[in-house]
Each structure stands twice: as C-alpha cells, then as structure tokens.
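Show me the folded form of this:
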Amino acid sequence: MTYNLSGKKVWVAGHRGMVGSAVCRQLENEDCNIIKAGRDEVNLVNQAEVNDWMNAVKPDAIVLAAAKVGGIQANNNFPVDFLYENLMIEANIIHAAHLNNVERMLFLGSSCIYPRLADQPIKENSLLSGALEPTNEWYAIAKITGIKLIQAYRKQYGYDWISAMPTNLYGPGDNYDLESSHVLPALLRKFHEAKISNSSEVMVWGSGKPLREFMHCDDLAGALLFLLKNYSDYEHINVGSGNEVSIRELVEIIAKVVGYEAKITWDEQKPDGTPRKLMDSRKLQRLGWDGGRSLFDGIFHTYNTWLKH
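As a prediction, the model looks like this:
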C-alpha cells in the first residue's frame, strides 16, 4: 500500500515534544496541512475535549506521539501519572479518531514494552512473552495497551492504523532535567556542567555495562513518515538504528563531544536497568528504509543545538 499525504490534514499529537517536533519538521517537506494543538486548545486527558476538538478539526491522519515521558526515577516516583495519563491520552485520541473516521493513524510506542530479558535483538513477536523491566513498567503497560487498542480498532472496524516501536531516542527538544530525563540527555547535561564548573570528577549511575541502542529523533521522524506512507499491518513494527553501545562507551563519547577530560567514576550501588536492549529492525529495513547518522555525529549535533538554546 501507499498512503499519499498530499492535501491531507495531518494532526501531530504531541507536537511540542522531541518526537512530535521532529515529525513536524519532516512533514514540512510534504504537501500536507500540519495540524497542531497545544494544551490550551485541548486537554488530551479529557475525553469530552478530545471528542469535541477532533469533531471540529476532522484530521485525515494522526501521528500519536503525545505521552507523559521520563526516566527511571520519574517512573518510580510517579507511577499513577505515567499509567493513568498515558492510558487516557491514547484511549481518548484513538476512540475520537474512530468516531470521526480518521483514515490513517500511527501510534508511537516504546522499546520498554518488551520483556526485561527478551532474546536479543528484540523481535516484534517478543511482546507479552515475559516480565517487564520493573523500573518503567507503568509506562510500558500504558504503551502496550495503546498497541492493543490500535489492533482492536483495526480488527473490529477495519481501520488502516499502525503502531511503531522506536528504540531509545535523543536529539533537539529532549528533556535535560537531571531528576526526570533519560540517560543520554542527563549525561550530556551532567558532563556539560562538570566542564563549566571545572569539576575534578563526574559520578555516573550504575556499572556502565548495560548495552543500549540510540537513535536521533530526526532519523526516527524520517522512518515514521516512511511507515505512514508505506506500512500496513496488524503487527507493530520496530524502528531502531541497529547500532548498540555500552553505557560506558556512551559516557566516553559524551565526554569527548563536551570536551570533559577529568575523572569519571561509577556508582555501582545505583540500578542499571535492563541489561541489554537492541531492537531487531530488519522488518523495517526489508521495506526499504535505511537511514541514520552515527552516534557521535548525532550527539555532536544535539549538544550544539542545546547550547544555542
């Protein structure tokens, strides 16, 4: 199948977030009408507001990138927020899309949906095959529900709606708050501040041994538009870079990009999270998409963009 975006009204739900803003940047190259709605226009947690807004706007396609996000500490401290708000956002948007016969929707999940000890690289069919990583299970359960909602509406009503599972993301517009951010932006900020203050040491959580895959948000956005145009299947699809590094290697890259040359120590009393997480993105590659910059280039671009803001 090929979905033509020309002349379509495309709502990017979550347009102010890192992924949503990257999708908007990509859509500017398409002949379509980009729809954006801030919290002042519609509260996505409120079903009646979402229904009324969508009935008035009538989008043809939706990229559902809106979510409450955060790292290990935030998930641990605010489980209700991560579960309830994400469940409501996705349920409200998906059902309102049904009421308004939206042609095309792409729901954005997360690689944390997969079992903590899933076989690596993680294939799409690993979903619900084992226990989740406890440090972010609230967010994961909400995202799994979103995938199942998309599948349910597709099965019962025949909608051409799909889900994509991105790997760990980074890039312009990320959250750099040390208390609530993910590992890469948190490390960027930590090393930047250490450099500025001439700190003699940077303490990093964990052992540095876990393996991770990272993808620049603009590379993800390119893949999502490719899928919006070309992918139609009941099963969700993985979107990853295919390159993995240890947290220790990531720290070394960040220190090099930032220009920090002093001592790095590891607090091994702090949790590591999932030991290894690499997405199997061969399904995406077989469709013909193959894009992505190197991790060093991506972090260099991200750091310099952040410094300008």
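
For the residue lying farthest from the centre of the chain, which non-adjacent residue is closest in space?
Going by CA atoms, centre = their mean, the residue of the chain most distant from its centre is Ser200, 34.0 Å out. Spatial nearest neighbour of Ser200, excluding adjacent residues (CB to CB, 6 or more residues apart in numbering): Ala262 at 5.3 Å. From N, CA and C alone the C-beta is placed, and that goes for glycine too.

Got the phi and psi for the residue farthest from the centre of the chain?
phi -80, psi -10 (degrees, to the nearest 10).

now the one 3 residues further on
Backbone torsions of Met203, given as degrees, to the nearest 10, read phi -100, psi 130.

okay, and for the protein, where does confidence drop off?
Within the chain, no stretch has pLDDT under 70.

go again using 80 as the cut-off
1, 70-73, 178-181, 273-274, 291, 309 (pLDDT under 80).

just the helices in this structure please.
Using DSSP state H, the helices found in the chain span residues 18-27, 47-57, 72-77, 79-80, 86-99, 137-157, 183-196, 217-230, 247-258, 282-287, 295-308.

Quick one: closest of those to Phe107.
helix 137-157 (4.8 Å; CB to CB).

Make JSON lines out of the helices of the chain and add distance to Leu211.
JSON lines is the format used below for these (distance: least, CB to CB, whole Å):
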{"stretch": "helix 18-27", "distance to Leu211": "23"}
{"stretch": "helix 47-57", "distance to Leu211": "39"}
{"stretch": "helix 72-77", "distance to Leu211": "16"}
{"stretch": "helix 79-80", "distance to Leu211": "26"}
{"stretch": "helix 86-99", "distance to Leu211": "26"}
{"stretch": "helix 137-157", "distance to Leu211": "19"}
{"stretch": "helix 183-196", "distance to Leu211": "12"}
{"stretch": "helix 217-230", "distance to Leu211": "19"}
{"stretch": "helix 247-258", "distance to Leu211": "8"}
{"stretch": "helix 282-287", "distance to Leu211": "18"}
{"stretch": "helix 295-308", "distance to Leu211": "13"}
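
So which of those helices is nearest Gly173?
Set against Gly173 and scored by CB to CB, the helices of the chain come closest in helix 18-27, at 4.0 Å.

Which positions in stretch 71-86 come out as buried?
By 16 or more other CB atoms under 10 Å, the buried positions in stretch 71-86 come out as 71-75, 78, 82-83, 85-86.

How about stretch 34-46?
34-35, 37, 42, 44-45.

which residues make contact with it from outside it?
9-13, 15-16, 24, 27-28, 49-50, 53, 57, 59, 66, 85, 88-89, 92-93 (CB atoms under 8 Å, 6 or more residues apart in numbering).

can you list the residues that contact stretch 26-33?
Residues contacting stretch 26-33 (CB under 8 Å, 6+ apart): 5-10, 12, 34, 218, 221-222, 224-225.

Quick check: end-to-end length of it?
12 Å (CA to CA, to the nearest Å).

What of stretch 202-212?
For stretch 202-212, the first and last residues are 21 Å from each other (CA to CA).

In contact with the residue nearest to Gly146 when sequence neighbours are not counted: list those residues for me.
Spatial nearest neighbour of Gly146, chain neighbours left out: Glu90 (4.0 Å); criterion: CB to CB, 6+ apart. For Glu90, the contact set (CB under 8 Å, 6+ apart) comprises 64, 67, 107, 142, 145-146, 149.

From Tyr84, how far out is Glu90?
As judged by CB to CB, to the nearest Å, Glu90 and Tyr84 stand 11 Å apart.

same thing with Leu307?
As judged by CB to CB, Leu307 and Tyr84 stand 36 Å apart.

Same question for Arg189.
28 Å.

Please apply the same query to Gly7.
Separation of Gly7 from Tyr84 (CB to CB): 37 Å.

ok so, going back, tell me the two of the contacts of stretch 26-33 that are most distant?
Gly7 and Asp218 (24.6 Å).

more crowded one of the two?
Neighbour count, other CB atoms under 10 Å: between Gly7 and Asp218, Asp218 has more, with 23 against 10.
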